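>>> Build me a model:
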Amino acid sequence: MQPTLLQIQIHISIRALTMFLLKTWRLTAFSLYGYLNFTKSAFFGATVYMVCRNKERGEEALSRIQSMTGNQNIHLEVCDLSSVSDIKSFASQFSSKDVPVHVLVNNAGLLENKRITTPEGYELNFAVNALGTYTMTELMMPLLEKAAPDARVITVSSGGMYQTPLTKDLQFSETSFDGVQQYARNKRVQVALTEKWAEMYKTKGIGFYSMHPGWAETPGVAKSLPGFSKAFSGKLRTSEEGADTVIWLALQPKEKLVSGAFYFDRAEAPKHLMFAATKGSHAAIDSIVDNLRSLAAISS
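Below you'll find the predicted structure:
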């Protein structure tokens, strides 16, 4: 039976209506998606949690960042990263938010030239740079897994690590204390830890990267290395230039990055200098991780 003219007209009208509704939906969906993701507000729309030791200075930085970016989704969390107890307390409270952590930046660092022992009994440089970094990262792992496969951990190391191999003398107790050397040792630990984490959690959808910001002119450098700061006055990088590769690592598609690698100026960099005899020392990382886990009292 052949369709009548009326049936053909109705069929065409329904098809045209369907196409019109589909086109309208596509335009509406695209407009909404574009507004949420492609506009300036979306670019500055990340939710950022600043973990600071000093509440007053943290609030000052928070206000300045909000004013500069227009992003009100910046939050201050107060935590002393030299204290395992404080880190555990922070991690417990923060975990109750049950929010995915897409990017964890381990940026807290210290170079104290005098030997100082924390109330928990640890050498201060080690407590912040090595034990604090390890403890915070391990306790954030469940929230990082919530953001997989896009989660990543970026640890801000230093070119100072080129000066020293990995050593099991984590608290510099076997020889006369040298703050600059201890800092370099801590930074070597961070690079080796990043390698180890990449291996341990390779099936978890989390990328691990360490990086060197370059020699930047910061209050910390001026205080801890006054001679160095004076000698290179006018030649050091700005804080923004030092942070550039951190931001780049946070935003790069993970398939373009190498988990466990060390980065400098937006490119993978060597972890060892020629003839420096540091590469073989990384074999000690397993026993170092066991030591850190024991000191942090974190179950495996």
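>>> any chance you could map the helices in the stretch 101-250 of the chain?
Under the criterion DSSP state H, counting those that start in this stretch, helices of the stretch 101-250 of the chain are mapped to 124-126, 133-146, 179-200, 219-224, 226-231, 239-251.
>>> Pipe those into a markdown table and attach distance to Thr69 and mean neighbour count per row.
C-beta: built from backbone N, CA, C; applies to glycine. Below are these laid out as a markdown table (distance: least, Cβ to Cβ, whole Å; neighbours: other Cβ atoms under 10 Å):
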| stretch | distance to Thr69 | mean neighbour count |
| --- | --- | --- |
| helix 124-126 | 32 | 24 |
| helix 133-146 | 24 | 20 |
| helix 179-200 | 28 | 22 |
| helix 219-224 | 22 | 14 |
| helix 226-231 | 29 | 11 |
| helix 239-251 | 13 | 16 |
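>>> Which of those sits closest to Ala296?
Ala296 lies closest, by Cβ to Cβ, to one member of these: helix 133-146, at 4.4 Å.
>>> got a list of contacts for the closest one?
51, 81, 84, 87-88, 91, 94-95, 98-101, 104, 106, 108, 151, 153, 155, 190, 193, 197, 201, 204-206, 289, 292-293, 296, 298 (Cβ atoms under 8 Å, 6 or more residues apart in numbering).
>>> quick one: contacts for the residue lying closest to Leu170 once chain neighbours are set aside?
Once flanking residues are discounted, Leu170 sits nearest to Phe126: 5.6 Å by Cβ to Cβ, 6 or more residues apart in numbering. Phe126 sits next to 170-172, 182, 186 when contact means Cβ under 8 Å, 6+ apart.
>>> Have a look at the protein and report the helix or strand with the lowest mean pLDDT.
Ranked by mean pLDDT, DSSP states H and E, the weakest helix or strand in the chain is helix 40-43, scoring a mean of 48.
>>> what's downstream of that one, the next helix or strand?
Next helix or strand after helix 40-43 toward the C-terminus (DSSP states H and E): strand 48-52.
>>> so that next one versus helix 133-146, what angle?
160 degrees (axes from the mean of the first three to the mean of the last three Cα atoms, to 10 degrees).
>>> Name the surrounding residues that touch strand 48-52.
So strand 48-52 is contacted by 58, 61-62, 65, 71, 73-79, 81, 90, 94, 108, 136 (Cβ under 8 Å, 6+ apart).
>>> Can you give me the pLDDT of Leu124?
Leu124 is assigned a predicted lDDT (pLDDT) of 98.
>>> So it is in contact with Leu110, correct?
Yes. Leu124 lies in contact with Leu110 (Cβ atoms under 8 Å); the separation is 6.6 Å.
>>> Right, I'll call it a day here.
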